[in-house]
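# Have a look; sequence and predicted model below, questions after that.
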Amino acid sequence: ALILAMQRSLRSTLVVVVIGLILVAGVDYFQFSDRLQDRIGTLAAGGTSGDQLRRDIIGHGISIFLENPIFGVSIYRLGNELGQSLRGGGGLSSHNLFIDLLAGTGLVGSLAFGMCGLVMIIRWRQAMRTRQEEWKEFARILPLLIILVAFRGISANEVIYCPAMIMGVALAFSAA
């Protein structure tokens, strides 16, 4: 819908409006707003044990990074480190790409990932100034891909399985 809206045509605007109306009807039908209000109330009251575990995982992940800032503890050992510090043993997934990068790979892996992001931004700026239609399309899509990677990275740590990441990196380096 966002890509169509960026086209700035009447037909695509109508498609976006229809999609919006369908979403509003779905929210009303499935009573999503009531569930959202319940969830907000739960969070305001301190959250659930799962919410606390997520905060603990992030806090311990940052602590692990600060203890091993250059190379991290490795992606494979990170789960055991988190499990040991939070549960007294066993493995525990961070479900967070950014914690995995920082604590698992340290600055070495995090900077490499950041450099990919920087190249994508540089390519986007170049595409914004070009007259070639293919690059104009790339310039329209890339911000959406970056947003998808950012939001997906908060809830999952499998960057290789994230289609937005794969497409973004492929687009960024396709004209290198």
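Right, received. Where do you want to start?
# Alpha carbons of stretch 70-80, as CSV, please.
C-alpha atoms of stretch 70-80 as CSV (Å, rounded to 0.1, in the frame of the first residue of the first chain):
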residue,chain,number,x,y,z
ILE,A,70,35.5,-6.5,20.3
PHE,A,71,34.5,-10.0,19.3
GLY,A,72,31.5,-10.8,21.5
VAL,A,73,31.0,-14.3,22.9
SER,A,74,29.9,-15.9,19.5
ILE,A,75,26.4,-16.3,18.3
TYR,A,76,26.5,-20.0,19.3
ARG,A,77,27.6,-19.3,22.9
LEU,A,78,25.3,-16.3,23.4
GLY,A,79,22.2,-18.5,24.1
ASN,A,80,24.1,-20.4,26.7
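# buried residues in it?
Going by neighbour count (16 or more other Cβ atoms under 10 Å), the buried part of stretch 70-80 is G72, V73, R77, L78, G79. In this view, the C-beta of every residue, glycine as well, is placed from N, C-alpha and C.
# Tell me which helix or strand comes right after the host helix or strand of the last one.
Per DSSP states H and E, G79 falls inside helix 75-87. Along the chain past helix 75-87, the next helix or strand (assigned with DSSP H and E) turns out to be helix 97-99.
# ok, and for stretch 45-55, which residues are buried?
R54.
# Could you pull out the helices in this protein for me?
2-7, 10-29, 32-44, 49-67, 75-87, 97-99, 106-129, 133-155, 163-173 (DSSP state H).
# quick one on the thing from earlier: what's the helix holding G79 in contact with?
53, 56-57, 60-61, 63-64, 72-73, 89-94, 100, 103-105 (Cβ atoms under 8 Å, 6 or more residues apart in numbering).
# burial measure for L36, as a count.
By other Cβ atoms under 10 Å, the residues close to L36 number 11.
# Then S85?
If you count neighbours by other Cβ under 10 Å, S85 ends up with 17.
# just L86 next, same as before
L86: 15 neighbours (other Cβ under 10 Å).
# how far away is it from V27?
Using Cβ to Cβ, to the nearest Å, L86 is found at 35 Å from V27.
# residue contacts, L21?
By Cβ under 8 Å, 6+ apart, no residues touch L21.
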